[in-house]
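**Student:** Here you go, sequence then predicted model.
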Amino acid sequence: MRLNELHDNPGATKSKKRIARGPGSGKGKTAGRGMKGQKSRSGVAIKGYEGGQMPLYQRLPKRGFTKPNRKAFSVVNLGLIQKFIDEGKLTGDVTEDSLIASGLVRRKLDGIRVLAKGAFTAKVSITVTGASGTAKAAVEAAGGALTLLPTVSSAE
């Protein structure tokens, strides 16, 4: 067998329909788009349009409220902090800047919040913007201290 003898199975490939190539093609003249109108033109997309009927996205009720000045915190679990301490990536007191420098947290956003998922045994002092009550209890049970930084209000 040579490269020039390679071919696909009969019927495996099908040539695409060439539209708007004259009356003999079966898709000539209007190219299957019907007569006139907005949808027969090029560059038109009518997403969500229901022919004058009130669109579904407008019929459904709007619920809830989005607070415009809400705070977004980077979240880190105690188990991950313990893992980084064991690997030697975090040493000494743990602060927000040391968490970012170690690569555990990518960016600070409005602060870093510590949650209690995972086991924590290190006797270190952690200084962050926020923490859950169980995380604070877990750090103190391990013999460490968890202090919270004062939050900056958006009214200033």
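**Tutor:** Here it is on my side, so go on.
**Student:** Now for residue 94, how many residues are close by?
**Tutor:** 26 (other C-beta atoms under 10 Å). Just so you know, the C-beta spots here come from the backbone N, C-alpha and C atoms, and that holds for glycine as well.
**Student:** Please read the previous query as pertaining to residue 109.
**Tutor:** 14.
**Student:** check contacts around it.
**Tutor:** With contacts defined as C-beta atoms under 8 Å, 6 or more residues apart in numbering, residue 109 is in contact with 72-74.
**Student:** any idea which of those is closest to residue 27?
**Tutor:** Nearest to residue 27 among the contacts of residue 109 is residue 72, at 52.7 Å by C-beta to C-beta.
**Student:** residues contacting the closest one?
**Tutor:** Contact analysis of residue 72 by C-beta under 8 Å, 6+ apart lists 109-110.
**Student:** same deal with residue 116?
**Tutor:** By C-beta under 8 Å, 6+ apart, the residues touching residue 116 are 77-78, 132, 134-135, 137-138.
**Student:** hmm, 7 Å instead?
**Tutor:** Counting by C-beta atoms under 7 Å, 6 or more residues apart in numbering, residue 116 makes contact with 78, 132, 134-135, 138.
**Student:** Could you do residue 119 as well?
**Tutor:** Residue 119 makes contacts with 79, 82, as judged by C-beta under 7 Å, 6+ apart.
**Student:** Great, nothing more from me.
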